[in-house]
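Q: fold the following, please.
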Amino acid sequence: MVILPPGLEWWRHHPGGAEWLDRLPRLVAECAERWSLRLGPPFSGSNVSLALASTLPDGTAAVLKINFPNDESEHEPHALAHWNGRGAVRLLEHDPSLRALLVERCHPGTQLWEIEDEEEANRIAAGVLRRIWHAPPPDHRFLLLADVAARWAEELPALWTQLRQPFERRIINEAVAFVHELAPTQRDLVLLHQDFHGGNVLRAQREEWLAIDPKPLVGEREFDAASLIRDRRDELARDPQASVRVRRRLDQLADDLELDRERMRGWAIVHALAWGFSGTGMTGSGKVEEDMIACARWLSAC
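A: Next comes the predicted model:
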């Protein structure tokens with residue numbers, strides 16, 4: 001019997017989340033039977049999708065991952081298939097009807113967050129990003145950053161009002177202005193990870209570091225640094241020089257990746273707000289993540 005990690009319980013307050021959580025044990029059993037898996041326990045850090053250590057009949061170590069059926073997770077297997085192991089874990093199997101993936105397991109699997117030297121960690125992260133950034137196939141069905149950003153530009157001001165103006169209006173205005181400036185002027189579009197931070201880069205053996213858990217979009221490279229720029233937010237919250245630290249990250253990543261610093265800054269503000277607050281759900285209340293808003297505020301001053 002699968003014991004669900006406590007970190008998944010927040011889904012019960014999301015439309016359709018309670019039903020999905022109740023179905024998860026059956027979905028796991030279906031996947032185990034279909035792919036003849038020997039299952040281990042769920043990974044303790046599971047808080048968005050369910051991930052379990054698994055072993056194939058030939059002894060191959062794998063991870064069974066089951067996603068909530070939403071737009072963000074729909075094309076994860078297609079991104080992994082496109083990268084084909086270049087800088088990211090290999091896709092072994094997937095079932096789109098169950099939103100289930102079987103991917104290679106990283107050994108030892110420690111996160112990039114274990115590298116205490118932040119500049120060194122950012123250099124490693126930049127190297128992984130360069131490995132995965134490739135043009136999508138001509139007939140791809142990935143979401144486009146331009147379309148998603150246009151939706152954010154419409155939704156964010158309305159959500160800000162709905163949630164009773166939880167932070168400065170100027171930050172919303174700046175994010176919307178950046179969307180209108182950046183989205184139509186993107187260059188050299190590639191398949192982006194979107195959720196690329198130290199927790200989603202694992203030490204491995206086939207390659208020294210591999211990316212996991214993409215929320216893929218097609219857009220310009222400058223967008224994909226957003227999660228790295230605001231990474232280690234628990235540390236930032238305790239750092240009296242957090243704004244200086246964020247600026248230093250922005251400078252380093254712009255140099256290491258040879259990207260436009262101002263476009264990186266703009267997309268990072270937009271993405272921090274897009275993922276930092278949301279509207280009313282089943283609980284009748286919205287969500288405002290103060291650490292994400294703080295990152296947008298620091299970036300606004302960079």
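
Q: residue nearest the middle of this structure, spatially speaking?
A: Centroid-nearest residue in the chain, with CA atoms, centre = their mean: residue 195, separated by 2.1 Å.

Q: phi, psi of the residue nearest to that one when sequence neighbours are not counted?
A: With sequence-adjacent residues excluded and distances taken as CB to CB, 6 or more residues apart in numbering, residue 195 is closest to residue 215, at 4.7 Å. In short, each C-beta sits where N, CA and C put it, glycine included. Phi and psi for residue 215, reported as degrees, to the nearest 10, are phi -120, psi 80.

Q: isn't residue 215 right up against residue 71?
A: No - taking contacts as CB atoms under 8 Å, residue 215 lies outside contact range of residue 71: 9.1 Å.

Q: as a check, name the ranges of all strands in the chain.
A: Using DSSP state E, the strands of the chain run over 38-42, 50-55, 61-66, 91-95, 100-104, 190-192, 201-203, 209-211, 217-219, 277-278, 287-288.

Q: switch those strands over to CSV; also include mean pLDDT, mean neighbour count and distance to residue 269.
A: Listed next are the strands of the chain as CSV, based on pLDDT from 0 to 100; neighbours: other CB atoms under 10 Å; distance: least, CB to CB, whole Å:
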stretch, mean pLDDT, mean neighbour count, distance to residue 269
strand 38-42, 93, 14, 35
strand 50-55, 96, 20, 30
strand 61-66, 97, 22, 30
strand 91-95, 97, 18, 32
strand 100-104, 97, 23, 31
strand 190-192, 98, 23, 17
strand 201-203, 98, 23, 23
strand 209-211, 98, 24, 23
strand 217-219, 98, 24, 15
strand 277-278, 81, 18, 13
strand 287-288, 87, 16, 16
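
Q: can you put these in CSV and add distance to residue 10?
A: Converted to CSV, the strands of the chain look like this (distance: least, CB to CB, whole Å):
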stretch, distance to residue 10
strand 38-42, 15
strand 50-55, 13
strand 61-66, 16
strand 91-95, 25
strand 100-104, 21
strand 190-192, 26
strand 201-203, 24
strand 209-211, 24
strand 217-219, 24
strand 277-278, 12
strand 287-288, 10
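
Q: in PDB, list the C-alpha atoms belonging to stretch 217-229.
A: Provided in PDB are the C-alpha atoms of stretch 217-229 (Å, rounded to 0.1, in the frame of the first residue of the first chain):
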ATOM      1  CA  LEU A 217       8.000  25.900 -22.600                       C
ATOM      2  CA  VAL A 218       9.400  27.100 -25.900                       C
ATOM      3  CA  GLY A 219      11.000  30.500 -25.700                       C
ATOM      4  CA  GLU A 220      14.300  32.500 -25.400                       C
ATOM      5  CA  ARG A 221      17.100  31.300 -23.100                       C
ATOM      6  CA  GLU A 222      16.900  34.400 -20.900                       C
ATOM      7  CA  PHE A 223      13.700  33.200 -19.400                       C
ATOM      8  CA  ASP A 224      15.100  29.900 -18.000                       C
ATOM      9  CA  ALA A 225      17.400  31.600 -15.500                       C
ATOM     10  CA  ALA A 226      14.400  32.900 -13.500                       C
ATOM     11  CA  SER A 227      14.200  30.100 -11.000                       C
ATOM     12  CA  LEU A 228      18.000  30.000 -10.400                       C
ATOM     13  CA  ILE A 229      18.100  33.800  -9.700                       C
END
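
Q: lowest mean pLDDT among the helices and strands of this protein, which one is it?
A: None of the helices or strands of the chain scores lower by mean pLDDT, DSSP states H and E than strand 277-278, at a mean of 81.

Q: one step back: give me the distance between the residue nearest to the centre of the chain and residue 212.
A: From residue 195 across to residue 212, the span is 9 Å (CB to CB, to the nearest Å).

Q: so residue 100 makes contact with residue 31?
A: Yes - Residue 100 is within contact range of residue 31, at 4.9 Å (criterion: CB under 8 Å).

Q: give me the neighbour count for the residue lying closest to residue 242 once chain neighbours are set aside.
A: Leaving aside its sequence neighbours, residue 242 sits nearest to residue 236 (CB to CB, 6+ apart; 4.4 Å). Using other CB atoms under 10 Å, residue 236 is surrounded by 19 other residues.

Q: what sits against residue 236?
A: Shown in contact with residue 236 (CB atoms under 8 Å, 6 or more residues apart in numbering): 230, 242, 245, 246, 291, 294, 295.

Q: give me the pLDDT for it.
A: If you check residue 236, the pLDDT there is 95.

Q: separation between residue 81 and residue 57?
A: Distance from residue 81 to residue 57, by CB to CB: 22 Å.

Q: tell me which stretches of this structure form helices.
A: 17-34, 71-74, 76-83, 118-132, 145-162, 169-182, 226-229, 233-238, 242-257, 261-276, 290-300 (DSSP state H).
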